[in-house]
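> Coordinates only, no sequence provided:
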């Protein structure tokens, strides 16, 4: 399957201002370089162990969408949306520290990928049984709707995940309750080794929107300007109280499913087409042609990014690994559980027990910055 | 599609009437305390059960829901089987282990209803796939309510059926109420048939209270599926004329809505059609009345006289 040059909408996307365009290029290039270091350097050096999932070639989706979020908006990214985490405010060093399972990292060494979140930053972590974040997004959307401040939630998933029952239940609920949720489907044409011809019997998933009573679009996910514009319209709808939208973005998955998947089943023509449509080269070409940036400035940007990443990796690597003795901490609910708040009526026995635990407990706490 | 003969039309009429008669008898037994648990009526929806089941071939499969007793009867179950089952007698299809319609027989092409509605869609897709792998030209047909179309399994089953182009028919019995949830709160769509486009499954909408329309739509879809044309969705518009079950007084349903649909009663409509077109005489109807009355009377008596399962047998066959 090749992405036709005409996306789902025939109008040319209106480009955002120069500052936003430059920011988007920065995040695209930062994501590309950071994920290169994760997948092709640190993983191969054995400094990251376990599963490694990056979103090479698909960076435009995370960048073009998350860049538009305001404070109190919420994003539920997929494993292909590295940029969403960083744009919302996770520090690079903390992200690398999480990948390298350091004690001082968002998941304190218990996780080695991106199952990180922060209610303060408006990020809900990846849930590995994919599709499960969709009903969660509805719960978020319901809260946002009731708060009445025009906030939105973006939830990301792949075309494989779109076949999962959870997505169906969530989309139906969002449509019936007119929740401010954007269902963003990254159709990168392969769900692990399952090509789209075996995933669904339609040409594109655009009909999934109207099948629930919400608008649906199908657009070129390799062009960050198209992503930006399509998401902008859907966000505007949601903020205005007009309810959810389904957005399919077609991309090329330029890696295996994961670092341990050689993906020989992907035809070379697919990878060639993805290279030709690389989102970073496309945006650079656009910016240079419009004289928004020069090639020299872009090179400076690359140097800055490399320095930033070098520094972040060095900082993360310098942090210690968790001590083995702490393995059970954070497994059972401790003193930070929301239901342990003072407003809950406690028996004298449990109050005494709590005092004893506080005296001896090493208690892990989520870092205050998050 | 060949036109139905006079005797075929009478057979369809007989099944509609028998469906309702069994239903009414179950309500009586429930109120007498002879049936315990739940009785889920199919009042007003008989045309869907009978019209769909009647359109299938003997070798096809059905996966009924609880309001599709009429379909089970068309496929060969007798009123006494239903009464034995509901009154939990040893001689019933589940030997007294279930007091509702959770029974089936693969030899009769009936897959037992699953209470978690929506689950039958992937199950029947599997049945259809098995038949095709065996090289058999068999069609699978199953039912979902408007409520069940919101469930995850419905979605997964539909998509799978479409991708594999399985010979399965999904009958959406839109009776406008999922317990106390009106269809307007169930979906943002006016027609559930619109969901077919999401999967690439052709969908039609029929008047669920017109037994011949239901038959025609099902027959056309079954023929197409049998030739390898893939799945189809048929949305039958109807109305749930009573509560979710006998224990639900359905006070939340507007009376005007019930009255409006009472005028569209499927059996009254079909009778009027048959008489108007001179396809049935008063004597022929009377003969069917008598036949049904006798059948119900005898089968209730048989079931009431049947023994309960022995207490000592309770643990059999719980374990395989």
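Alright, I've got the coordinates. Bear in mind the structure is a predicted one, so any value in this text is a computation, not a measurement. Numbering: from 1, shown residues only, chains lettered A, B, ... in the order given.

> and residue B:75, what does it touch?
B:53, B:62, B:108, B:109, B:110 (Cβ atoms under 8 Å, 6 or more residues apart in numbering or on different chains). For every residue, glycine as well, the C-beta is placed using N, CA and C.

> Now, the residues you listed that are in strands?
Counting by DSSP state E, the contacts of residue B:75 place residue B:62 in strands.

> Only whichever of the contacts of residue B:75 are buried, select them in ChimeraX.
To isolate the buried ones among the contacts of residue B:75 in ChimeraX, judged by 16 or more other Cβ atoms under 10 Å in any protein chain shown, type:
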select /B:53,62,109,110
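
> and the closest residue to residue B:280 other than its chain neighbours, how many neighbours?
Leaving aside its sequence neighbours, residue B:280 sits nearest to residue B:274 (Cβ to Cβ, 6 or more residues apart in numbering or on different chains; 3.9 Å). By the criterion of other Cβ atoms under 10 Å in any protein chain shown, residue B:274 has 19 neighbours.

> List the contacts of residue B:274.
Residue B:274 touches B:9, B:13, B:280, counting by Cβ under 8 Å, 6+ apart.

> Who wins on neighbours among these?
Comparing the contacts of residue B:274 on neighbour count, residue B:13 comes out first with 22 neighbours (neighbours: other Cβ under 10 Å).

> State the phi and psi torsions of it.
Residue B:13 adopts backbone torsions of phi -60, psi -40, taken as degrees, to the nearest 10.

> returning to what we had before: could the contacts of residue B:75 be laid out in CSV, adding distance to chain A?
Listed next are the contacts of residue B:75 as CSV, based on distance: Cβ to the nearest Cβ, whole Å:
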residue, distance to chain A
B:53, 27
B:62, 23
B:108, 30
B:109, 26
B:110, 25
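
> Point out the least confident one among the contacts of residue B:75.
Ranked by pLDDT, the contacts of residue B:75 bottom out at residue B:108 (90).

> What sits closest to that one if chain neighbours are left out?
Nearest non-adjacent residue to residue B:108 (Cβ to Cβ, 6+ apart): residue B:76, at 5.4 Å.

> Compute the distance between the one you found and residue B:22, please.
14 Å (Cβ to Cβ, to the nearest Å).

> Kindly report the same for residue A:152.
53 Å.

> what about the residue in the stretch 1-150 of chain A positioned nearest to chain B, how many residues close to it?
Nearest residue of the stretch 1-150 of chain A to chain B (Cβ to the nearest Cβ) works out as residue A:131 at 8.6 Å. Neighbours of residue A:131 under the rule other Cβ under 10 Å: 22.

> What residue, apart from its backbone neighbours, is nearest the residue of chain B found nearest chain A spatially?
Residue nearest to chain A within chain B: residue B:152 (1.9 Å; Cβ to the nearest Cβ). Excluding the flanking residues, the one nearest residue B:152 by Cβ to Cβ, 6+ apart is residue A:165, at 1.9 Å.

> quick revisit: is it possible to get the contacts of residue B:274 out as JSON lines so that each row also shows distance to residue A:295 and pLDDT?
Listed next are the contacts of residue B:274 as JSON lines, based on distance: Cβ to Cβ, whole Å; pLDDT from 0 to 100:
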{"residue": "B:9", "distance to residue A:295": "81", "pLDDT": "98"}
{"residue": "B:13", "distance to residue A:295": "83", "pLDDT": "98"}
{"residue": "B:280", "distance to residue A:295": "87", "pLDDT": "98"}
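
> tell me which element the nearest residue to residue A:115 once chain neighbours are set aside is part of?
Nearest residue to residue A:115, sequence neighbours excluded (Cβ to Cβ, 6+ apart): residue A:125, at 4.6 Å. Of the helices and strands defined by DSSP states H and E, none includes residue A:125.

> if I pick residue A:125, what's in contact with it?
Residue A:125 neighbours (Cβ under 8 Å, 6+ apart): A:114, A:115, A:116, A:117.

> and the second one, which of the three is it?
Right, the one you point to is residue A:115. Per DSSP: H, G, I helix; E, B strand; the rest coil, the local secondary structure of residue A:115 is coil.

> That one - how many residues pack around it?
Residue A:115: 15 surrounding residues under other Cβ under 10 Å.

> Just say helix, strand or coil for residue A:236.
From three-state DSSP, the assignment for residue A:236 is helix.

> Any regions of the chain where pLDDT drops low?
I'll assume chain A. Counting by pLDDT under 70, the ranges of chain A that qualify are A:1-11, A:332-346, A:350, A:354, A:356-370.

> wrong one, I was asking about chain B
Along chain B, segments meeting pLDDT under 70 span B:320.

> just so I have it, where are all the helices in it?
Secondary structure of chain B, counting by DSSP state H: helices at B:6-31, B:46-54, B:69-74, B:79-86, B:120-133, B:152-163, B:183-186, B:196-199, B:211-226, B:255-262, B:266-276, B:282-305.

> deepest of the ones you listed, which one?
Across the helices of chain B, averaging neighbours per residue (mean count of other Cβ atoms under 10 Å in any protein chain shown) puts helix B:46-54 on top, at a mean of 29.

> by contact count, what packs against it?
helix B:6-31, helix B:69-74, strand B:140-145, strand B:168-174, helix B:211-226, strand B:232-237, helix B:266-276 (3 or more Cβ pairs under 8 Å, 6 or more residues apart in numbering or on different chains; DSSP states H and E).

> Just send the helices of chain B back as CSV, with distance to residue A:266 too.
Formatted as CSV, the helices of chain B follow (distance: least, Cβ to Cβ, whole Å):
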stretch, distance to residue A:266
helix B:6-31, 54
helix B:46-54, 44
helix B:69-74, 46
helix B:79-86, 54
helix B:120-133, 27
helix B:152-163, 20
helix B:183-186, 41
helix B:196-199, 25
helix B:211-226, 34
helix B:255-262, 55
helix B:266-276, 54
helix B:282-305, 62
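
> of all those helices, which lies closest to residue A:318?
helix B:152-163 (45.6 Å; Cβ to Cβ).
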